[in-house]
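Chemist: got a predicted structure here, sequence first:
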2 protein chains.
Amino acid sequence: MLGNFTYCNPTKLYFGKDALNGLNAELPKYGKNVLLVYGGGSIKKNGIYDKVVALLKANGKEIYEDAGVMPNPTVEKLYEGVERARKANADLILAVGGGSVCDYAKAVSVSVHCDEDPWEKYFIRFEEPSCETLPVGCVLTMVGTGSEMNGGSVITNHKAKLKIGHVFAYEKIFPRFSILNPEFTYTLPRYQMIAGFYDIMSHILEQYFSGTDDNTSDYIMEGLLRSLIHSALVASENPTDYEARSNIMWTATWALNTLIAKGKDTDWEVHMLGQAVGAITDATHGMTLAAVSMPYYRMIMPYGLPKFKRYAINVWGIDPAGKTDEKIAEEGLAAMEDWMKKLGLVMNISDLGANEGMLDDLTEATLIMQGGYKVLTKEDVRAIFKASL
Amino acid sequence: MLGNFTYCNPTKLYFGKDALNGLNAELPKYGKNVLLVYGGGSIKKNGIYDKVVALLKANGKEIYEDAGVMPNPTVEKLYEGVERARKANADLILAVGGGSVCDYAKAVSVSVHCDEDPWEKYFIRFEEPSCETLPVGCVLTMVGTGSEMNGGSVITNHKAKLKIGHVFAYEKIFPRFSILNPEFTYTLPRYQMIAGFYDIMSHILEQYFSGTDDNTSDYIMEGLLRSLIHSALVASENPTDYEARSNIMWTATWALNTLIAKGKDTDWEVHMLGQAVGAITDATHGMTLAAVSMPYYRMIMPYGLPKFKRYAINVWGIDPAGKTDEKIAEEGLAAMEDWMKKLGLVMNISDLGANEGMLDDLTEATLIMQGGYKVLTKEDVRAIFKASL
């Protein structure tokens, strides 16, 4: 645990099949006006909306709605949400949905009591909000982003061609509470479910494959990875296996709530590569990460060999006896690749709509990070995309 | 992650060599009067006292002292602390020391604004305090108990022959902040340091060896165990290895701050056995746990064989090829025993001052828990102590 750091995560989690009842404990802490934020309406089909509204009414709340939050919330939608929250004189924002809905609720929360333009002030200039925040609560219906227990918020400005993720270190931005019922994630289509599993995997690996120190965080990550690898296979066979889905939900939360980054450098190059693919093909986020991962890890492996060897042994159970370090590390990556194929993850960007003619644009669109075992060159980036065609 | 549960841990941690500077961020949040709580004065010898006082003064605080907190804080001392806090009109209790000092500060915190007798009301009847609590901050100088990030508090009443540990679920009892500088733990004598390492190990194992579910918490625990096993050997060779001591400090905090118990049954039978030894011989807590562990785990192993097999493979790296489950599990326990001996832990209660003539008293003094793979009989308890002579 090298370096100096702080840790604080005040979000209260209600977990399990009865988690929604946590609203009865939380709602009385806030005033009467609740801004209910959600996405495209799937929560109306699966009944979660009705349950939430019934609990809000039973707790005497006045409900103001803000529907239609899109998968990548836009700055225009943010302005609209801020106006809605102000008109409602909201005391609490209740986000019901996945990471985008929860991210959006946090963006509204930091903006509603500020005079400045939130895009200019926070999302471009990366400043901490100095004004009061509105309390946010989340009812999670999709797993992956960790937004339910962190200060992260990603907002897209199409005009400026910018999608900016702000991780507010500031504890007041974290949701005050989050409701995590694994059953609420059952209705997600299989493709999205599997993509989400790899998104979680990638969150952990981006933090694992960095640094040379021997750190408790690395050991915790190995535990989370083993749990995820096991439960993803179970859930892939049987998506309503409660234990597997509950383990995955819990792992997703702890994969990106700041804990496992403590004492670490971290690198997010796979996300940068994947986001470039997403920007050009509009493919599902988790699948873009999957499609670029193997060429990326095979390229950086020689530069972080001790960690890749450790990954092979501690995470994938590779027997090191009589093998060179390179061989052990390669067997670890091969085991990872097998697991990905077993799940049915997309392994090539060509299967996501990319082609050779897009290589220059993809390369141009990829941000180069500095925290990994190898800082990529533009040629490296191109080679990774080419290998994934 | 079976069952329904909540998780909330609002304590802010400042970690690292510069952690004490966190006081400059925290102290301005509270009023002028600070009750400075500490133990026997070792913090005056190692200079931590002077540093803390200088920071309190620089932040304009009025300092009221409450020294002499003993390793097992008594109810008489608690009454004294409550009076001191009231007279000082304290706005903050700052505990500087190990788990006992931190536990004691929390006991004062829940009692100072209550009219009822804290012993009768909380430590006998285990009720949640309904009155206001005083904020507590901790500067940790010893690792092991996890008190720096939980709601636990153990108070001893010698007259009533009771030592009662209360884990307040209530978030307001958790320290508001804790300062964790691994260097502050360097001056601890070797025997206490090693005993502390095993106390941490035991905290994790008491939660690990229970339940039949396949749970992310078990995987996180395997990570923490591997980190501890590795770093304890490094620190045992070189007690001022910063990285090892920092990993151990961080592991200790996460071993008992409620996270790894989520979705689990837990059992605390080794602590019950060890505390009986401690009550009769006055031996160091961690050493009492070490001395009873191997006979206890060898006795319950057949009743929790799948978990002991998993422990052997995932924690101790035992190669399962061609072996029966029993053989794998036994090899895991043998590896654990080797590690304990390498550290120099006490393996027999006779080395702690116990003898055959005490077997009846030890057996009588041992509470029987219900959460493990085998609920012990009185004969089992006696057999464990006998095997440890």
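Modeler: On my side now, so go ahead. Worth saying up front: this structure is predicted, and the values here are computed from it rather than measured. Residues are numbered from 1 along each chain as shown, chains lettered A, B, ... in the order given.
Chemist: would you mind giving the secondary structure of the spatially closest residue to A:Lys61 that is not a sequence neighbour?
Modeler: Spatial nearest neighbour of A:Lys61, chain neighbours left out: A:Val34 (4.6 Å); criterion: Cβ to Cβ, 6 or more residues apart in numbering or on different chains. Backbone N, C-alpha and C define where each C-beta goes, glycine included. What DSSP: H, G, I helix; E, B strand; the rest coil gives for A:Val34 is strand.
Chemist: can you pull the contacts of A:Val34?
Modeler: A:27, A:56, A:61-64, A:90-94 (Cβ atoms under 8 Å, 6 or more residues apart in numbering or on different chains).
Chemist: and the two most separated of those?
Modeler: The most widely separated members of the contacts of A:Val34 are A:Leu27 and A:Tyr64, with 14.6 Å between them, by Cβ to Cβ.
Chemist: pLDDT score for the closest residue to chain B within the stretch 251-389 of chain A?
Modeler: For the stretch 251-389 of chain A and chain B, the shortest gap (Cβ to the nearest Cβ) falls at A:Thr251, measuring 5.2 Å. With respect to pLDDT, A:Thr251 scores 97.
Chemist: repeat for A:Ala169
Modeler: pLDDT at A:Ala169 comes out at 66.
Chemist: excluding chain neighbours, what is closest to the residue of the stretch 101-250 of chain A found nearest chain B?
Modeler: Residue nearest to chain B within the stretch 101-250 of chain A: A:Gly223 (3.2 Å; Cβ to the nearest Cβ). Sequence neighbours aside, B:Gly223 is the residue nearest to A:Gly223 in space, at 3.2 Å (criterion: Cβ to Cβ, 6+ apart).
Chemist: now do A:Met287
Modeler: Of all residues not flanking A:Met287 in the chain, A:Val346 sits nearest, at 4.3 Å (Cβ to Cβ, 6+ apart).
Chemist: how many residues are close by that neighbour?
Modeler: 22 (other Cβ atoms under 10 Å in any protein chain shown).
Chemist: and stretch A:37-51, how far from the chain's centre?
Modeler: 21 Å (Cα atoms, centre = their mean, to the nearest Å).
Chemist: name the next helix or strand following the helix or strand of chain A with the lowest mean pLDDT along the chain.
Modeler: Counting by mean pLDDT, DSSP states H and E, the weakest-scoring helix or strand in chain A turns out to be strand A:162-167, with a mean of 74. Proceeding N to C from strand A:162-167, the next assigned helix or strand is strand A:177-180, under DSSP states H and E.
Chemist: contact partners of that next one?
Modeler: So strand A:177-180 is contacted by A:11-16, A:19-20, A:22-23, A:26, A:102, A:137-140, A:148-149, A:249-250, A:253 (Cβ under 8 Å, 6+ apart).
Chemist: parallel or antiparallel, which strands does it pair with?
Modeler: If you go by DSSP bridges, strand A:177-180 pairs up with strand A:5-15 (parallel), strand A:136-140 (parallel).
Chemist: will you turn the ones you listed into a markdown table that also has mean pLDDT, mean neighbour count and distance to A:Glu243?
Modeler: Shown next, in a markdown table, are those (pLDDT from 0 to 100; neighbours: other Cβ atoms under 10 Å in any protein chain shown; distance: least, Cβ to Cβ, whole Å):
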| stretch | mean pLDDT | mean neighbour count | distance to A:Glu243 |
| --- | --- | --- | --- |
| strand A:5-15 | 96 | 21 | 13 |
| strand A:136-140 | 98 | 29 | 18 |
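Chemist: out of the ones you listed, which comes closest to A:Ile328?
Modeler: strand A:5-15 (31.3 Å).
Chemist: starting at the chain centroid, how far to the closest one?
Modeler: Counting by Cα atoms, centre = their mean, strand A:5-15 is centred 16 Å from the centre of its parent chain.
Chemist: and the residue most central in space within chain A, what does it touch?
Modeler: Nearest to the mean C-alpha position of chain A, by Cα atoms, centre = their mean, lies A:Thr145 at 1.9 Å. Residues in contact with A:Thr145, defined by Cβ under 8 Å, 6+ apart, are A:98-100, A:102-103, A:152, A:199, A:252, A:256.
Chemist: kindly recompute the last result at 7 Å.
Modeler: A:98-99, A:256 (Cβ atoms under 7 Å, 6 or more residues apart in numbering or on different chains).
Chemist: what's the neighbour count on A:Gly322?
Modeler: Other residues close to A:Gly322 by other Cβ under 10 Å number 6.
Chemist: who in the stretch 251-389 of chain A is up against chain B?
Modeler: A:Thr251 (Cβ under 7 Å from any Cβ of the partner chain).
Chemist: name the nearest residue to A:Ala95, sequence neighbours excluded.
Modeler: A:Ala105 (3.7 Å).
Chemist: isn't the one you found up against A:Gly137?
Modeler: No: the criterion here is Cβ atoms under 7 Å, and A:Ala105 misses it with A:Gly137 at 8.4 Å.
Chemist: what segments of chain A are strands?
Modeler: Per DSSP state E, chain A carries strands over the ranges A:5-15, A:33-38, A:62-66, A:92-97, A:136-140, A:152-157, A:162-167, A:177-180.
Chemist: what's A:Val69 in contact with, if anything?
Modeler: By Cβ under 7 Å, 6+ apart, the neighbours of A:Val69 are A:37-39, A:77, A:97, A:100-101, A:104.
Chemist: 6 Å instead, please
Modeler: By Cβ atoms under 6 Å, 6 or more residues apart in numbering or on different chains, the contact list for A:Val69 reads A:39, A:101, A:104.
Chemist: how about the helices in the stretch 251-389 of chain A?
Modeler: Per DSSP state H, counting those that start in this stretch, the stretch 251-389 of chain A carries helices over the ranges A:269-281, A:285-300, A:305-314, A:325-343, A:359-364, A:378-387.
Chemist: by contact count, what packs against the second one?
Modeler: Spelled out, that is helix A:285-300. helix A:190-208, helix A:269-281, helix A:378-387 (3 or more Cβ pairs under 6 Å, 6 or more residues apart in numbering or on different chains; DSSP states H and E).
Chemist: in contact with the residue nearest to A:Gly353 when sequence neighbours are not counted, which residues?
Modeler: Leaving aside its chain neighbours, A:Gly353 sits nearest to A:Thr281 (4.1 Å; criterion: Cβ to Cβ, 6+ apart). Residues counted as contacts of A:Thr281 (Cβ under 6 Å, 6+ apart) are A:352-354.
Chemist: ok, of those, which come out buried?
Modeler: A:352, A:354 (16 or more other Cβ atoms under 10 Å in any protein chain shown).
Chemist: which of the contacts of A:Thr281 lies closest to B:Lys341?
Modeler: A:Leu352 (55.4 Å).
Chemist: and that closest one, how far is that from A:Ala290?
Modeler: In this view, A:Leu352 and A:Ala290 are 9 Å apart by Cβ to Cβ, to the nearest Å.
Chemist: repeat that for A:Ser153.
Modeler: 25 Å.
Chemist: before we move on, what about A:Pro320?
Modeler: Relative to A:Ala290, and taking Cβ to Cβ, A:Pro320 is found at 27 Å.
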